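Student: model this:
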Amino acid sequence: MKYLFLVFILFLCFSACKVENKEKQDQVPEYIISAEQMDKVLVDIHIAEAALKYKRGKGEKFKLYSNQYFDYVFKKHNISKKQFDESLEYYYKHEKQLDNIYKNVLKELERIKKEIKKETTSVEN
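Tutor: Sure, this is the predicted structure:
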């Protein structure tokens, strides 16, 4: 009986440690961009990348514009490139959070796409 009681106590101790470690893992460090802000930043990053791809397709020297576009995105969201890179690296290591972020990014890009289609069809008519 004592053996069973000891095993039960050890089990409780280990499970309590595991819960505490999980809570620490779920806490995002202060220097990391919040998931909500990261959604918005990544939407703008993907729009900038699409614009650069379009310029490259037209034969323009997109390298001239790339720094300007990305600097504009970082300035718009009041973050630095370093902070963006560190945040992106953090979310790569936390797949569930990154997956949720990209679900939101895709929803927003789809919404923007529909809005643009709607505007272009109304102009054509």
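Student: pLDDT of whichever strand or helix holds residue 49, averaged?
Tutor: Using DSSP states H and E, residue 49 sits within helix 35-57. Averaging pLDDT along helix 35-57 gives 92.
Student: show me the contact partners of that helix.
Tutor: The contact list for helix 35-57, computed with C-beta atoms under 8 Å, 6 or more residues apart in numbering, reads 28, 33, 62, 65-66, 69-70, 72-73, 76-77, 79, 84, 87-88, 91, 97, 100-102, 104-105, 108-109, 112. For every residue, glycine as well, the C-beta is placed using N, CA and C.
Student: list the buried ones in that helix?
Tutor: Residues 35, 38-46, 48, 52, 55 are the ones in helix 35-57 that count as buried (16 or more other C-beta atoms under 10 Å).
Student: equivalent analysis for stretch 98-114, please.
Tutor: Here stretch 98-114 shows 98, 101, 104, 105, 108 as buried, counting by 16+ other C-beta under 10 Å.
Student: which SS class is the nearest residue to residue 87 once chain neighbours are set aside?
Tutor: Leaving aside its chain neighbours, residue 87 sits nearest to residue 33 (4.0 Å; criterion: C-beta to C-beta, 6 or more residues apart in numbering). Here residue 33 is recorded as coil under DSSP: H, G, I helix; E, B strand; the rest coil.
Student: ok, residue 33 - contacts?
Tutor: Residue 33 makes contact with 41, 79, 83, 84, 87, according to C-beta under 8 Å, 6+ apart.
Student: what about the second one, which SS state?
Tutor: Under three-state DSSP, the three-state class of residue 79 is coil.
Student: how many neighbours does it have?
Tutor: 16 (other C-beta atoms under 10 Å).
Student: distance between the next helix or strand after the helix holding residue 49 and the chain's centre?
Tutor: Remark: after helix 35-57, the chain's next helix or strand is helix 62-76, criterion DSSP H and E. Distance of helix 62-76 from its chain centroid, counting by C-alpha atoms, centre = their mean, to the nearest Å, is 18 Å.
Student: one more: stretch 64-84?
Tutor: On C-alpha atoms, centre = their mean, the centre of stretch 64-84 falls 15 Å from that of its chain.
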